[in-house]
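Novice: take a look and give me a structure for this.
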Amino acid sequence: MDPVMHSFDPPERFVAGTVGAPGQRTFFLQARAGRRIVSVALEKQQVAVLAQRVDELLDELMQQGGTSGIIPAVAPLDLADDGPLEQPIDEEFRVGTMTLSWDTAEERIVIEVYPLVDAGDESGEPAQEAAGEVLVVRLAAATARAFVARAQKVVGAGRPDCPFCGEPIDASGHLCVRANGFKRRG
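Specialist: Down below sits the predicted model:
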């Protein structure tokens with residue numbers, strides 16, 4: 001079976017976003033070109049790591065030089081995107097692994113997102129082969145900085161963390177392991 005490639009070079013929009021209330025949010029990466037929209041679900045930590053790695057790669061490229069284009073140190077204000085995810089949100093797949101690279105010829109960040117692969121069952125049977133689906137997004141440096149800024153906002157918009165144990169605090173508080181099981185409030 002031929003792999004299904006969702007390619008956006010470049011997308012009109014590429015954002016991280018959520019659906020649901022804090023503590024019960026589902027995180028998505030969403031790419032759009034024209035009327036074509038692809039949404040993939042992932043974990044909060046995956047969004048945070050992707051944003052961090054993109055930011056680090058851009059910082060490294062700035063320090064090294066050697067690019068003909070300008071790599072902004074911060075997200076350009078005219079590229080800020082605080083809008084909601086586009087509807088309908090049809091999950092193509094749940095994210096397993098992601099790769100990040102720099103295309104020197106085109107001077108673009110390349111993000112490849114692969115689906116989560118079934119790890120097999122308890123009988124020791126091998127894992128199911130992935131269907132070969134992949135989301136490939138190629139971003140200019142300024143657009144990548146804008147993606148990072150939004151992703152960091154999305155990740156930070158959840159429940160506040162307990163200053164003692166670092167676990168998220170629900171509206172009703174939480175049982176803090178550092179406080180010997182006493183309930184702390186945010």
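Novice: doesn't R145 fall inside a helix?
Specialist: Yes. Counting by DSSP: H, G, I helix; E, B strand; the rest coil, R145 is located in a helix.
Novice: burial check on the closest residue to it other than its chain neighbours, number of neighbours?
Specialist: Among residues not flanking R145 along the chain, A75 sits closest, at 4.2 Å (Cβ to Cβ, 6 or more residues apart in numbering). For every residue, glycine as well, the C-beta is placed using N, CA and C. Neighbourhood size, A75 [other Cβ atoms under 10 Å]: 20.
Novice: likewise M98?
Specialist: 17.
Novice: before we move on, back to that, my read: the residue nearest to R145 touches V148, true?
Specialist: Yes. Applying Cβ atoms under 8 Å, one finds A75 in contact with V148, separated by 6.7 Å.
Novice: dump the residue contacts of the residue nearest to R145.
Specialist: A142, R145, A146, V148, A149 (Cβ atoms under 8 Å, 6 or more residues apart in numbering).
Novice: tell me the SS of the fourth one?
Specialist: Right, the one you point to is V148. Relying on three-state DSSP, one would call V148 helix.
Novice: kindly report the same for the first one.
Specialist: Following three-state DSSP, A142 is assigned to helix.
Novice: okay, and for this protein, where does confidence drop off?
Specialist: By pLDDT under 70, the low-scoring segments of the chain are 1, 119-131, 180-186.
Novice: which residue ranges of it form helices?
Specialist: 44-64, 141-156 (DSSP state H).
Novice: is the residue nearest to L85 when sequence neighbours are not counted in a bridge, and if so with what?
Specialist: Spatial nearest neighbour of L85, excluding adjacent residues (Cβ to Cβ, 6+ apart): G17 at 4.0 Å. G17 has these beta-bridge partners by DSSP bridges: F28.
Novice: and for W102?
Specialist: Bridge pairing for W102 - DSSP bridges - gives I109.
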